[in-house]
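*Asks:* coords please:
(chains A and B)
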Amino acid sequence: MSTSSNNSAPMEARSTQARRPRGTKVRRQRVKAAWLFLAPMLIALTLVAGWPLVRTFFLSLTDASLSDLGAANFIGLENYLIYEDGRWYGVLADPIWWRSVWNTVYFSVVSVSLEVVFGVIVALILNAEFKGRTIVRAAVLIPWAIPTIVSAQMWAWMLNDQFGIINHLLMTVGIIDDPIAWTASATYSMWAVIMVDVWKTIPFVALLVLAALQMLPKDCYEAAEVDGIHPVRVFFKVTLPLITPALMVAVIFRLLDALRVFDVIYVLTSNSTSTMSMSVYARQQLVEFQDVGYGSAASTLLFFIIALSTVAYLYLGRNKIKLGGD
Amino acid sequence: MNQRQLAKIAKRVGFWALVGLIMLYAVFPFYYAVITSIKPSSELFRVELWPSTWNLDNYAQIFSQSSFVRAIFNSIIVAFSVVFIALLLGITASYALGRVRFRGRSTVMLVILGVSMFPQVAVLSGLFEVIRALNLYNNPAGLILSYTIFTLPFTVWVLTTFMKELPMELEEAAIMDGATPWITITKVFLPLMWPAMATTGLLAFIAAWNEFLFALTFTLTDAQRTVPVAIALLSGGSAYELPWGPIMAASVVVTVPLVILVIIFQRRIVSGLTAGAVKG
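*Replies:* Now for the predicted structure:
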C-alpha cells in the first residue's frame, strides 16, 4: 500500500516534469522536419528564381552576348548610362526604353481601372440570386481560362482591318466610315491591346469582388431597404467601403501582372514601338539582338520599377484602408 | 400600383439585358473562333454570325502537321509534370509552414510571396544561363523546371492556408501514436487535402498550359515547342496572308480542354483563386 502510494507520487512528479523535456524533444524534431520538408522547395526556388535574379543583375554589368554567355567582360554601368563622344548611351538614354516605360504605365493604369469598374459591375450582378447563375458564372470564367496567346489571336482576327467582325459591325451601325487598322495603327493599337487584356481579366477581378460581396452582412441591406434608400447610394455608402480591402488586393495582383505584360502585346502588335512594353523591350534586346548585358540592364530596371511600385502601393494602400475604416 | 409594376418589369428587363450582355461579351470571341475554324477557306472572309456552309478542313490541316501534334504532346507532358512537382514540393512545404511554428517561418512566407510577384523577364537571362548549364535548352524539361517559378509559390501559399485550417487534434493524435512527420503528412493530412490539391493542381495546370514567354525563349525547334508558341508562330510567314482558319482551329483545340475543366470545376477554381488572393 505504502509502496504504491510512494510510487505514485514520484511517478506523477516525474510525468509532469518529463512533459517539458519530452515536449521540446518532439518540438525540436518537428522543427527539424519542417526545415527538411522546406528544403526541396527552397532549393527549387533558389535554382529558378534567386540565383537567376542575381545573375541577371550581374550580367547587366557585363557585355555578355547570347551566343557566348561565358565570354562576358565586366563593364560597370555602361549598359545603363554612359557618356561617350558628346552623347549619352545606355538603356536610360534610349528613347525607346522610355517609350516602353510610358506604354507599360499607361497600359497598366487604364486596363486595371477599366477592369475594376467592370469587374465590380459583373460581381454585383453575379451576387444577385437568379436562375442560371451557375451557368453565367462558368461563362464568365471562360475568358480567364483561355490562354493569352489564343485570346490575342481571336481578337486579332475579330479586329482584322479588312475582314474583322468589329470593323464590320461598326461600319454597319455607322459609327465609322472606313475600316480601322486596329493592330497596326499607332493610335488604336494600344486600345486594341487594352481591350483584349480587359476582356481576359475582368473575370479575375469579378470573382475576387464576388467573394468579398458574399461575405457581407445581410442585415444592413435589409435596413437600407426598409428605410427606402436608393440602391446606388447604398452601394457607395455601404458596399464599396466594405469591399475596398478585397478591391485593393485585386488591384495589386492585377497591377503586378499588368506591369510585366508580354504575351498579349507580343502576339497582337509584335515589336511595334507604339505598344512595346518593358518586358517586350527587354526580351527583344536579350533574344533578338542577342545583347544579354543590355537586355539584363533593362530587366533589372523593370524589376526595381515593379518592386518600388509594389512597396509604394502597399504603403499608400495601408493608409487608405485605415482611413476607410475610420 | 400600375406604375410600380411597370417599374418592376423595367428593372427585371434591364437586369436580364445586363446578364445577357455579360454572357455575350464573355462567350462571343470564343464562339466566333469556333465559327471561323469550321468555315471553308473560300468563305473565310465573309463576315457572318452563323456559317452557311461548314467542314473540318482546318482541323484536318493542323492535325496533319506533325509539329502541331508534337506541340500538344509537349504541352501535356509539361503541364502534368509541373502539376506533379508543384504539388509534391508544395504539400511538404505547406506542412512545415502551416503546422509547425519555427523561427524564420514568416521570412520564408515573405520570400514565397516575393517570388510570386517576380516579373518573369527579370530572371530571363539568368535562367537562360542555368538552363544551358543543365543542358536543358530546347528541351521541355527546361520548361518544367522554369515553370516552378510561378506555380510553386502559388501552390505553397494556397496549400498552407488550407493546411492551417485542419484541426489540431488530428495531428496530436498522430504524434501520440508515435507517427513521424512524414507519416503524419501521408497518412493523416493527404487524404484531407485532396480538395485543396485538386484546386491548386488545376490552377497550376492552366498556368503551365498557357505560359508563353519562357516557352518562346527556351525552345528553338518545332519539335520541342508547346502549343501557345506553336499557335503564335503559325502566323509567321507573310504578314498579309495569315492562315486564320488553321489558327482558329488550333486555338479551339487548345482551349476546349480548358473550357471543359472550367465548367466542371468552376467552384474549385473560384475557391482557389480567392484563397490565393484574399489571404495574400
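
*Asks:* what about residue 215, how many neighbours?
*Replies:* By default, I'm working from chain A. A count of nearby residues for A:Met215, using other C-beta atoms under 10 Å in any protein chain shown, gives 11. For the C-beta atoms, the positions are set from N, CA and C on the backbone; glycine is no exception.

*Asks:* chain B, not that one
*Replies:* For B:Ala215, the count of nearby residues is 28 (other C-beta under 10 Å).

*Asks:* figure out the helix or strand that it lives in.
*Replies:* Taking DSSP states H and E as the criterion, B:Ala215 maps to helix B:213-218.

*Asks:* using CSV, list the CA coordinates for the helix or strand following that helix.
*Replies:* Going down the chain from helix B:213-218, the next helix or strand is helix B:227-234, by DSSP H and E. Once non-C-alpha atoms are left out, helix B:227-234 reads as follows in CSV (Å, rounded to 0.1, in the frame of the first residue of the first chain):
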residue,chain,number,x,y,z
VAL,B,227,1.1,24.8,-78.0
PRO,B,228,1.0,28.5,-77.3
VAL,B,229,4.2,29.1,-79.1
ALA,B,230,3.1,26.9,-81.9
ILE,B,231,0.0,29.0,-82.3
ALA,B,232,1.8,32.3,-82.1
LEU,B,233,4.2,31.2,-84.7
LEU,B,234,1.6,29.8,-87.1
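
*Asks:* run the angle between whichever helix or strand comes after helix B:227-234 and helix B:227-234 for me.
*Replies:* Scanning forward in sequence from helix B:227-234 by DSSP H and E, the next helix or strand is helix B:244-278. Here helix B:244-278 runs at an angle of 140 degrees relative to helix B:227-234 (axes from the mean of the first three to the mean of the last three C-alpha atoms, to 10 degrees).

*Asks:* and helix B:244-278, what's buried?
*Replies:* Neighbour counts over helix B:244-278 (16 or more other C-beta atoms under 10 Å in any protein chain shown) mark B:244-255, B:257-259, B:261-262, B:265-266, B:268-278 as buried.

*Asks:* on that earlier part again, so what does the helix holding B:Ala215 touch, helix or strand wise?
*Replies:* Contact partners of helix B:213-218 among helices and strands, from 3 or more C-beta pairs under 8 Å, 6 or more residues apart in numbering or on different chains; DSSP states H and E: helix A:278-283, helix B:124-133, helix B:140-165, helix B:227-234.

*Asks:* dump the ones you listed into JSON lines; add mean neighbour count and distance to A:Ile43 as well.
*Replies:* Conversion of the helices and strands packed on helix B:213-218 to JSON lines gives the following (neighbours: other C-beta atoms under 10 Å in any protein chain shown; distance: least, C-beta to C-beta, whole Å):
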{"stretch": "helix A:278-283", "mean neighbour count": "27", "distance to A:Ile43": "27"}
{"stretch": "helix B:124-133", "mean neighbour count": "22", "distance to A:Ile43": "13"}
{"stretch": "helix B:140-165", "mean neighbour count": "23", "distance to A:Ile43": "10"}
{"stretch": "helix B:227-234", "mean neighbour count": "24", "distance to A:Ile43": "28"}
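
*Asks:* tell me, what residue is most central in the chain?
*Replies:* Reading this off chain A. Nearest to the mean C-alpha position of chain A, by C-alpha atoms, centre = their mean, lies A:Asp257 at 2.5 Å.

*Asks:* hm, I was asking about chain B
*Replies:* In chain B, the centroid-proximal residue (C-alpha atoms, centre = their mean) is B:Ile206; its distance is 1.3 Å.

*Asks:* in a helix, that one, correct?
*Replies:* Yes - assessed with DSSP: H, G, I helix; E, B strand; the rest coil, B:Ile206 lies in a helix.

*Asks:* give me the number of residues near residue 61?
*Replies:* The chain I'm using is chain A. So A:Leu61, with other C-beta under 10 Å, has 20 neighbours.

*Asks:* that's the wrong chain, I meant chain B
*Replies:* B:Gln61 has 16 neighbours, counted by other C-beta under 10 Å.

*Asks:* my read is that it contacts B:Ala250, right?
*Replies:* No - checked against C-beta atoms under 8 Å, the pair B:Gln61 and B:Ala250 is beyond contact range at 9.5 Å.

*Asks:* dump the residue contacts of B:Leu213.
*Replies:* If you count contacts by C-beta atoms under 8 Å, 6 or more residues apart in numbering or on different chains, B:Leu213 has them with A:262-263, A:279, A:283, B:120-121, B:124.

*Asks:* next one: B:Thr186
*Replies:* B:Thr186 neighbours (C-beta under 8 Å, 6+ apart): none.

*Asks:* and A:Asp68, what are its phi and psi?
*Replies:* phi -140, psi 80 (degrees, to the nearest 10).

*Asks:* pick out the residue of the stretch 51-200 of chain B closest to chain A.
*Replies:* Proximity of the stretch 51-200 of chain B to chain A (C-beta to the nearest C-beta) peaks at B:Gly126, 2.9 Å away.

*Asks:* show me the contacts for that residue.
*Replies:* A:51-56, A:59, A:296.

*Asks:* for it, report the pLDDT, please.
*Replies:* For B:Gly126, the pLDDT comes out at 90.

*Asks:* if we can go back for a sec, in a markdown table: the contacts of B:Leu213, plus distance to B:Gly142.
*Replies:* Below are the contacts of B:Leu213 laid out as a markdown table (distance: C-beta to C-beta, whole Å):
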| residue | distance to B:Gly142 |
| --- | --- |
| A:Phe262 | 18 |
| A:Asp263 | 19 |
| A:Ser279 | 20 |
| A:Arg283 | 17 |
| B:Gln120 | 14 |
| B:Val121 | 17 |
| B:Leu124 | 13 |
